[in-house]
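**Student:** return atomic coordinates for the entry below.
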Amino acid sequence: MTELNELIERLYKQGIEQGGLPMPPTEIPVPPIPNEEEVDTRRMLVVLNEMGALLNEDDQPKIEESPSEEALLRVLNHWEAMKQSMQGIKEHMQSLEQDIVKMQPWGDFDVMKVEQLSHHGCHIRFWKMNSELLSSRLAESWFVDCNVLIVTQDIEMTYFITVTDNEDRPPVPAEAEEIIICPCPVSTLIMLQTRDKDTLKKMETLLGDYALVHYGEVYSALRKKLPKGTELPQLAVHHETLSEKLRRFFKGTKK
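**Tutor:** Okay, the predicted model is just below:
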């Protein structure tokens, strides 16, 4: 893996000496804007159940007066936005995990410099191939003509690169599969994954606190919204008063 990194650095240095390397443009992601919806019973029920699932027996949500429709709408919108953000983080973490697995055989190298070298006319392409099959093809001319460097090899699979001065697909064996590398090195992917984990933990705490504060408002609004006689969802938990706890404690100690 060190050999791959040294090769990229050497080629990059040569490119600088021969002329400037163009920097590819960077796209700035635009965050999604949550849409406001009209308050309806089903939406309130979904949010109430999600809030209730986060409460435990140490929490005591207050059942207050039903809030105004505007205030209720703000609560539901904020809750759904937080849930959507958390789902986005979870999906991003899954994507990062897939990228880490893909990039680990290549080690940690400067991916941006590979892109810049390509703009400068030095094309590095990444491949994998069955190790046993590859060993039987190494004596062929393609291995020399394509400037091949084996990066990682085990019993099942060999990962190698080709270095050419044109964009044409090198004459590698048909059994070789080209790998499209990620725009970030392994170290950056792991850092992003760790940051996502920390962010998710903080958001889970915020979500639980928000549920405790606003559970009663949504509950009261739903009770007002449903027709008379409709069975209401139960509170998330049953809370014993101090006298109930003492009574149960002393009852359990009697013989």
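
**Student:** could you use CA atoms for every contact and neighbour count after this?
**Tutor:** Noted.

**Student:** where's residue 137, which helix or strand?
**Tutor:** For residue 137, there is no helix or strand it lies in under DSSP states H and E.

**Student:** what do you get for residue 202?
**Tutor:** Using DSSP H and E, residue 202 sits in helix 186-225.

**Student:** centre of the chain to that helix, how far?
**Tutor:** A distance of 15 Å separates the centroid of the chain from that of helix 186-225, by C-alpha atoms, centre = their mean, to the nearest Å.

**Student:** which elements pack onto it?
**Tutor:** Helix 186-225 is packed against helix 41-54, helix 69-103, with contacts defined by 3 or more C-alpha pairs under 8 Å, 6 or more residues apart in numbering; DSSP states H and E.

**Student:** so which bits of the shortest one are buried?
**Tutor:** Buried residues in helix 41-54, defined by neighbour count with 16 or more other C-alpha atoms under 10 Å: 44, 45, 47, 48, 49, 50, 51, 52, 54.

**Student:** list the contacts of it.
**Tutor:** 76, 79-80, 208, 211-212, 215, 218-219, 222, 225-226, 235-236 (C-alpha atoms under 8 Å, 6 or more residues apart in numbering).

**Student:** name the SS class of residue 7, please.
**Tutor:** helix (DSSP: H, G, I helix; E, B strand; the rest coil).

**Student:** how many other residues sit next to it?
**Tutor:** 13 (other C-alpha atoms under 10 Å).

**Student:** likewise for residue 105?
**Tutor:** Residue 105, neighbours per other C-alpha under 10 Å, totals 17.

**Student:** check it and give its pLDDT.
**Tutor:** At residue 105, the model reports a pLDDT of 90.

**Student:** got the phi and psi for residue 121?
**Tutor:** phi 100, psi 0 (degrees, to the nearest 10).

**Student:** do residue 180 as well
**Tutor:** Phi and psi for residue 180, reported as degrees, to the nearest 10, are phi -90, psi 110.

**Student:** what's the spacing between it and residue 83?
**Tutor:** 32 Å (C-alpha to C-alpha, to the nearest Å).

**Student:** now residue 76
**Tutor:** The value you get for residue 76 to residue 83, if C-alpha to C-alpha is used, is 11 Å.

**Student:** who has more neighbours, these two?
**Tutor:** residue 76 (21 against 17).

**Student:** for that one, give me the pLDDT.
**Tutor:** Model confidence at residue 76 (pLDDT) stands at 92.

**Student:** ok, residue 49 next?
**Tutor:** pLDDT for residue 49: 86.

**Student:** the one 10 residues further on now?
**Tutor:** On pLDDT, residue 59 comes in at 62.

**Student:** for residue 172, phi and psi?
**Tutor:** According to degrees, to the nearest 10, residue 172 has phi -80, psi 160.

**Student:** check contacts around it.
**Tutor:** Contacts of residue 172 by C-alpha under 8 Å, 6+ apart are 142, 143, 146.

**Student:** where does the stretch 51-200 of the chain dip in pLDDT?
**Tutor:** Scanning the stretch 51-200 of the chain for pLDDT under 70 picks out the ranges 57-64.

**Student:** ok, then the element right after the helix or strand harbouring residue 158?
**Tutor:** In this structure, residue 158 sits in strand 157-164 according to DSSP H and E. Downstream of strand 157-164, the next assigned helix or strand under DSSP H and E is strand 177-179.

**Student:** pairing partners for that following strand, with directions?
**Tutor:** Its sheet considered, strand 177-179 pairs with strand 123-130 (antiparallel) by DSSP bridges.

**Student:** the partner strand vs strand 157-164, what angle?
**Tutor:** Between strand 123-130 and strand 157-164, the angle comes out at 160 degrees (axes from the mean of the first three to the mean of the last three C-alpha atoms, to 10 degrees).

**Student:** figure out how far whichever helix or strand comes after strand 123-130 is from the centre of its chain.
**Tutor:** Counting by DSSP H and E, the next helix or strand C-terminal to strand 123-130 is helix 131-135. With C-alpha atoms, centre = their mean as the basis, helix 131-135 stands 35 Å off its chain's centre.
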